[in-house]
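Chemist: got a predicted structure here, sequence first:
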Amino acid sequence: MKTISTILSTLSALLLIALTGRYVSNSWLFFTISSFQVQAAILAFLIAGAAFLLHRNFAPALMMTLAVAIGGHGLFMLFEFRQEPVRTENAKPLLRFLSFNIMGNNGPGGPRIADYIIASGADVVFIQESAPIGPEIDRIKSVYPYRLGCGAQTITCDQSLWSKRPFLRGEVFTASPIYRDRLMLASIDFDGRVVNFANVHLTKPYFDNFHEIELTQVARRLDAYPGAMVLAGDFNASILLTDIRAFLRRTGLRTAQMEPNTWPVGFPQIGMAIDHVFARGQVKIGSLARIPDTIGSNHYGLISEIVWED
């Protein structure tokens with residue numbers, strides 16, 4: 001029993017060492033596990049707890065204490081960038097919003113995804129990895145006549161931004177050293193209330209420091225779009241990552257009161273939110289939820305009601 005307890009304590013310690021790496025280094029090596037800080041801390045606690053039951057000594061007790069501290073700090077950080085509660089007496093419904101990474105090789109889902117977009121009632125739609133809906137463009141643009149991507153200011157059909165209302169301004173940028181056209185910015189007038197939109201798709205955080213480079217480029221481009229903004233897309237990481245947290249501090253963007261887990265789709269209860277909707281200024285996230293069906297994607301899409309707070 002003592003030997004098994006020692007093995008389990010060692011496993012718990014190794015996991016905790018990997019989690020504490022974020023506190024001493026900004027290296028991308030620690031970014032992936034940082035997204036799972038809460039879940040990994042719970043796992044480390046359970047492993048150490050099993051070790052303690054098998055052989056009660058100081059080491060597994062210490063591991064359990066550290067796991068609680070690291071997991072608790074992760075929970076604190078998840079809620080640190082929540083927007084202030086919406087003041088219902090001053091908030092007016094403004095628009096319905098959809099953001100969805102439909103997965104680039106999800107060809108069979110393309111027609112069903114197009115059906116969902118058309119029937120969603122959304123005023124503005126962000127799609128990442130848009131190739132599956134390429135053949136459906138004519139159907140979609142009958143409802144969303146204004147777009148960026150899939151031939152509109154791009155030669156790619158990867159990122160796309162769709163609107164029922166015309167753009168006051170619309171631009172496409174390449175923020176990534178790897179992928180092109182994955183940052184789209186647009187301004188739209190909603191009956192005298194101008195809202196800026198940013199559609200973002202970042203590389204995975206374990207590709208060297210590209211994730212941080214992209215966020216720096218996105219933040220720089222946002223400087224030209226001050227004021228009310230909705231920014232959303234696939235960040236491939238939770239807001240626990242150091243570079244995302246620095247980005248939110250710089251831009252003033254905030255999350256909803258609670259972010260739904262969007263990946264992995266098979267286990268959303270123990271997954272994490274890697275697809276985000278952020279807002280700032282007079283626009284607030286009135287509600288935020290996963291769409292009911294992934295329609296063949298490896299991400300859940302997000303549907304949101306955006307309000308304008310006077």
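Modeler: That came in fine, so what should we check first?
Chemist: low-confidence ranges in the stretch 201-310 of the chain?
Modeler: Within the stretch 201-310 of the chain, no stretch has pLDDT under 70.
Chemist: tell me where it has strands.
Modeler: Taking DSSP state E, counting those that start in this stretch, the strands of the stretch 201-310 of the chain run over residues 229-234, 275-280, 283-290, 302-309.
Chemist: compare those strands and report which one is nearest to residue 46.
Modeler: Residue 46 lies closest to strand 283-290 among the strands of the stretch 201-310 of the chain, at 26.9 Å (Cβ to Cβ). C-betas here are computed from N, CA, C, even on glycine.
Chemist: quick one, domains of the protein?
Modeler: If you go by automatic domain parsing, the domain ranges for the chain are 2-80, 91-309.
Chemist: which one of those domains is the most hemmed in?
Modeler: Ranked by mean neighbour count, the domains of the chain are led by domain 91-309 with a mean of 19 (mean count of other Cβ atoms under 10 Å).
Chemist: how far does that one sit from the chain's center?
Modeler: A distance of 9 Å separates the centroid of the chain from that of domain 91-309, by Cα atoms, centre = their mean, to the nearest Å.
Chemist: ends of that domain, what's the gap?
Modeler: 4 Å (Cα to Cα, to the nearest Å).
Chemist: can you tell me the closest non-neighbouring residue to residue 294?
Modeler: Distances taken as Cβ to Cβ, 6 or more residues apart in numbering put residue 265 closest to residue 294, at 5.0 Å, once the chain neighbours are dropped.
Chemist: quick one: contacts for residue 2?
Modeler: 54, 55 (Cβ atoms under 8 Å, 6 or more residues apart in numbering).
Chemist: kindly recompute the last result at 6 Å.
Modeler: Neighbouring residues of residue 2 by Cβ atoms under 6 Å, 6 or more residues apart in numbering: residue 55.
Chemist: same question for residue 181.
Modeler: Contacts of residue 181 (Cβ under 6 Å, 6+ apart): 154, 156, 159, 172, 174.
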